[in-house]
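Novice: fold the following for me, if possible:
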Amino acid sequence: MSLTQKASAAPALQPLEGVRILSLALNLPGPAALMRCRQMGARCLKLEPPAGDPMGHYNAQAYTQLHAGVEILSGDLKTEPGQKLLHRELARADVLLTSFRPSALVKLGLTWKALHKQHPHLSQIAIVGAPGERAEEPGHDLTYLAENDLVTGLDLPATLYADMGGSLMASEAVLQAVMHQRSKGKGVYLEVALLGAAAYLALPRSWGLTQAGAAVGGGHAGYRVYPCKDGRVAVAALEPHFAASLCAAAGFESASMKAMFAPATHQAVAAFLLTRTRKQLDKLAVTKDIPLHTLAN
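Specialist: Numbering: from 1, shown residues only. Alright, predicted model coming up:
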């Protein structure tokens, strides 16, 4: 199964079946949240501006996957016809998903006070960059990660962690809103901040778990990325029995937890792995029950 197929696999349960979601959110976090909601059984509609979603222009593949099964409408919310279309769909929707700054919502007449008065049944999930008073600040995935000490060196992060983490929090908020509606009979407003999503992802780092020299920060010889003969290998032999299997394969005595942090153990493991090809290490993982994954250079 490809990464795309794994990401798109529908959950076995459909907790949002019968729920109608209208999204005005563009780019990545909102559409990714909508994709998750659709996978949970929701009927998803998206109202895009006449120019479309920017994602559709700069990455058609991503746009297509994010919007599979989503009904796309087009309208200019700054015009009377656009507003009429919007409120027609709001009257039918259970949840509204937005990703505007608060000032933009004011201009469009979409403050929670106004929405709740016109559509009391409706819930709103508002995706913002930063929470509370900082919601007007400009920012992006990279700045939210940097603020939470998740950008190391000069390399860009491997993926858009804050955006994707925020999308999961937004889909979780949809579930919370629907539960509230079903128990209280009225809508609720919930805010999801991408900065908050980055902070949540950064908790292991703030606890010291992934800081340099910590057990999962490169200090443990069984939890590191090493070069091998024709590529790289990510080794995750953290538990004692996995570490023992790794050490035995490398040809030295099973090391204690303390010994796994010793420079000599790192050197011995590194030397062993450097003599093995990816194919040999893949076989070793199966025969010796060692959690590892080989990578090309």
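
Novice: where does pLDDT dip in the stretch 1-150 of the chain?
Specialist: For the stretch 1-150 of the chain, the stretches with pLDDT under 70 are 1-11.

Novice: can you map out the strands along it?
Specialist: When secondary structure is read from DSSP state E, counting those that start in this stretch, the stretch 1-150 of the chain shows strands at 20-23, 43-48, 71-74, 95-98, 123-128.

Novice: output the contacting helices and strands for the first one.
Specialist: Right, strand 20-23. Applying 3 or more Cβ pairs under 8 Å, 6 or more residues apart in numbering; DSSP states H and E, one finds that strand 20-23 contacts helix 29-39, strand 43-48, helix 80-92, strand 95-98. C-beta: built from backbone N, CA, C; applies to glycine.

Novice: for the longest one, name the packing helices and strands.
Specialist: In this case it means helix 80-92. Checked by 3+ Cβ pairs under 8 Å, 6+ apart, helix 80-92 has strand 20-23, strand 43-48, helix 112-118 packed alongside it.

Novice: quick one: buried residues of stretch 76-93?
Specialist: 77, 82-83, 85-86, 89-90, 93 (16 or more other Cβ atoms under 10 Å).

Novice: now do stretch 232-241
Specialist: Applying a neighbour-count criterion of 16+ other Cβ under 10 Å, the buried positions in stretch 232-241 are 233, 235-238.

Novice: and these as JSON lines, adding distance to Leu274, pLDDT and secondary structure?
Specialist: JSON lines is the format used below for these (distance: Cβ to Cβ, whole Å; pLDDT from 0 to 100; DSSP: H, G, I helix; E, B strand; the rest coil):
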{"residue": "Val233", "distance to Leu274": "10", "pLDDT": "98", "secondary structure": "strand"}
{"residue": "Val235", "distance to Leu274": "13", "pLDDT": "98", "secondary structure": "strand"}
{"residue": "Ala236", "distance to Leu274": "18", "pLDDT": "98", "secondary structure": "strand"}
{"residue": "Ala237", "distance to Leu274": "17", "pLDDT": "96", "secondary structure": "coil"}
{"residue": "Leu238", "distance to Leu274": "21", "pLDDT": "95", "secondary structure": "coil"}
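
Novice: and the residues you listed as JSON lines, adding distance to Ala285?
Specialist: Below are the buried residues of stretch 232-241 laid out as JSON lines (distance: Cβ to Cβ, whole Å):
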{"residue": "Val233", "distance to Ala285": "9"}
{"residue": "Val235", "distance to Ala285": "9"}
{"residue": "Ala236", "distance to Ala285": "10"}
{"residue": "Ala237", "distance to Ala285": "10"}
{"residue": "Leu238", "distance to Ala285": "15"}
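
Novice: related to what we said a few turns ago, hey, which of the helices and strands packed on helix 80-92 is tucked in deepest?
Specialist: Between those, strand 20-23 has the highest mean count of neighbours, a mean of 22, where neighbours are mean count of other Cβ atoms under 10 Å.

Novice: show me the contact partners of that one.
Specialist: The contact list for strand 20-23 (Cβ atoms under 8 Å, 6 or more residues apart in numbering) reads 30-31, 33-34, 37, 42-47, 70, 89-90, 92-98, 174.

Novice: just stretch 193-202 next, same as before
Specialist: Stretch 193-202 has contacts (Cβ under 8 Å, 6+ apart) with 29, 127-131, 134-135, 139, 141, 144-145, 147-150, 161-163, 165-166, 168-169.

Novice: so among those residues, which ones count as buried?
Specialist: If we count by 16+ other Cβ under 10 Å, these have these buried: 29, 127-130, 135, 139, 141, 144-145, 147-148, 150, 161-163, 165-166, 168-169.

Novice: brilliant, that's me finished.
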